[in-house]
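**Student:** Need a 3D model of the following:
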Amino acid sequence: MNLSRRQVVLVIAAVVGFAAPATAQNACEIGKAVATEHVVAPKLRYRLIDRFGPVYFCDPECIGPCLLDLEKKHAEEAFPRIRKDTETLQAITERLKLENIGDFSEDQKLSIYREYKNLVCGMSLEAEGKNHRFKIESGDGFRVAGLIDPQGEITVLERAPSGLKCLK
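**Tutor:** Take a look at the predicted model:
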């Protein structure tokens with residue numbers, strides 16, 4: 001049976017017990033620019049990153065050797081759509097200390113695109129009443145699931161070894 005790399009990654013994710021929601025799977029398709037869409041609660045997502053460390057995900061431009069030229073091209077293509085999501089762009093530029101810049105350089109756009117990937121890949125966040133239910137693959141090798149309230153208070157419901165492996 002011949003599987004594509006994307007299918008293999010999704011099978012691995014299913015086997016280890018964590019699969020990002022369909023929107024995140026589609027957003028982070030291997031070899032393609034990360035799909036840019038409205039990001040739900042970017043500041044809460046950063047709160048999760050601050051608590052659990054960097055997000056671990058299989059970077060769609062880095063399955064195998066990282067392709068900087070491809071990533072730069074994708075960043076240029078995605079930037080106009082990221083810019084339209086003003087709440088997300090504001091959260092990213094605050095994080096990168098770029099909030100007072102109007103015309104972003106190529107390197108700044110690449111940094112913004114990379115932050116955007118951190119917010120949408122390897123993490124799911126879905127509204128559940130006033131709170132949000134989350135799953136995150138943390139950089140310390142754990143898959144964490146729980147709830148986060150609008151003030152950023154986090155309740156961990158599950159913490160297990162990740163097992164997520166990216167194809168090289």
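
**Student:** which of the residues in the helix or strand harbouring residue 75 are buried?
**Tutor:** Here residue 75 is covered by helix 68-84, with elements defined by DSSP states H and E. Under the neighbour-count criterion of 16 or more other C-beta atoms under 10 Å, helix 68-84 has 71-72, 74-75, 78-79, 82 buried. For every residue, glycine as well, the C-beta is placed using N, CA and C.

**Student:** Save those as CSV, and put in pLDDT and distance to residue 126 too.
**Tutor:** Listed next are these as CSV, based on pLDDT from 0 to 100; distance: C-beta to C-beta, whole Å:
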residue, pLDDT, distance to residue 126
71, 87, 28
72, 89, 32
74, 87, 26
75, 91, 27
78, 90, 23
79, 93, 26
82, 93, 21
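
**Student:** Let's have those in JSON lines, adding distance to residue 58.
**Tutor:** Output for the buried residues of helix 68-84, formatted as JSON lines (distance: C-beta to C-beta, whole Å):
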{"residue": "71", "distance to residue 58": "14"}
{"residue": "72", "distance to residue 58": "19"}
{"residue": "74", "distance to residue 58": "15"}
{"residue": "75", "distance to residue 58": "18"}
{"residue": "78", "distance to residue 58": "18"}
{"residue": "79", "distance to residue 58": "22"}
{"residue": "82", "distance to residue 58": "21"}
